[in-house]
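Peer 1: Here is a sequence together with a model predicted from it:
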Amino acid sequence: MTTSTLLGEPTTVTLRPSFEGSNISFAIGFKHVNYLVEAAVLEHFRANGLAPGRLYEQYGLGFDLVHLTTRLGSVIHGDDNVRCVVTPKGDLRFTVALHVDRDGHDVKAVTSTAQVKLRIDDHIKPQEPIPADL
């Protein structure tokens, strides 16, 4: 587990939108853009050894994405490989930038702010105490 990198260092993952999201010709609709943002934040936690399943089973913490603000700067297509950069901003808040390739140029298609809340779940007995920085 690396809470210092979870809370302090950016991660990058490449994702592809769901085909179901292609509801405006072959452009991805707003809801599915937000699904990419959510998936990128989840991958950030996983990359730092704190997948939602581990948070739940080991520490008795539920994972909730409680705030999401998104600005579209360019269209994301169904066949795009979307490079997602998640940057911690403190208090489990993150900025997420979604980049796509357009004719050999990197284009920032989306900027988002997301906030995660970890909540204690009484339905499970944690295996370990919750780390202080969480």
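Peer 2: All right, it came through fine. Numbers count the residues shown, from 1 in each chain.

Peer 1: what sits against L118?
Peer 2: L55, L61, G62, F63, D64, L92, L134 (CB atoms under 8 Å, 6 or more residues apart in numbering). To be clear about C-beta, it is placed using only N, CA and C from the backbone, and glycine gets the same treatment.

Peer 1: Tell me the predicted confidence for the fifth one.
Peer 2: D64 is assigned 97 on the pLDDT scale.

Peer 1: secondary structure class for it?
Peer 2: Three-state assignment for D64 (DSSP: H, G, I helix; E, B strand; the rest coil): strand.

Peer 1: From the contacts of L118, list just the buried residues.
Peer 2: L55, L61, F63, L92 (16 or more other CB atoms under 10 Å).

Peer 1: Let's see which of those residues end up in strands.
Peer 2: L61, F63 (DSSP state E).

Peer 1: longest helix in this protein, by residue count?
Peer 2: Longest helix of the chain, by residue count under DSSP state H: helix 30-47.

Peer 1: and it, how far from the chain's centre?
Peer 2: Offset of helix 30-47 from its chain centre (CA atoms, centre = their mean, to the nearest Å): 3 Å.

Peer 1: same for that helix, what does it pack against?
Peer 2: For helix 30-47, the elements it packs on are strand 11-15, helix 52-59, strand 61-72, strand 82-90, strand 93-102, strand 105-120, judged by 3 or more CB pairs under 8 Å, 6 or more residues apart in numbering; DSSP states H and E.

Peer 1: Identify the residues contacting the closest residue in space to D91 that isn't next to it in sequence.
Peer 2: Residue nearest to D91 in three dimensions, not counting chain neighbours: Q115, with 7.5 Å by CB to CB, 6 or more residues apart in numbering. Each residue near Q115 by CB under 8 Å, 6+ apart is listed here: L65, V66, H67, L68, D91, L92, R93, F94.
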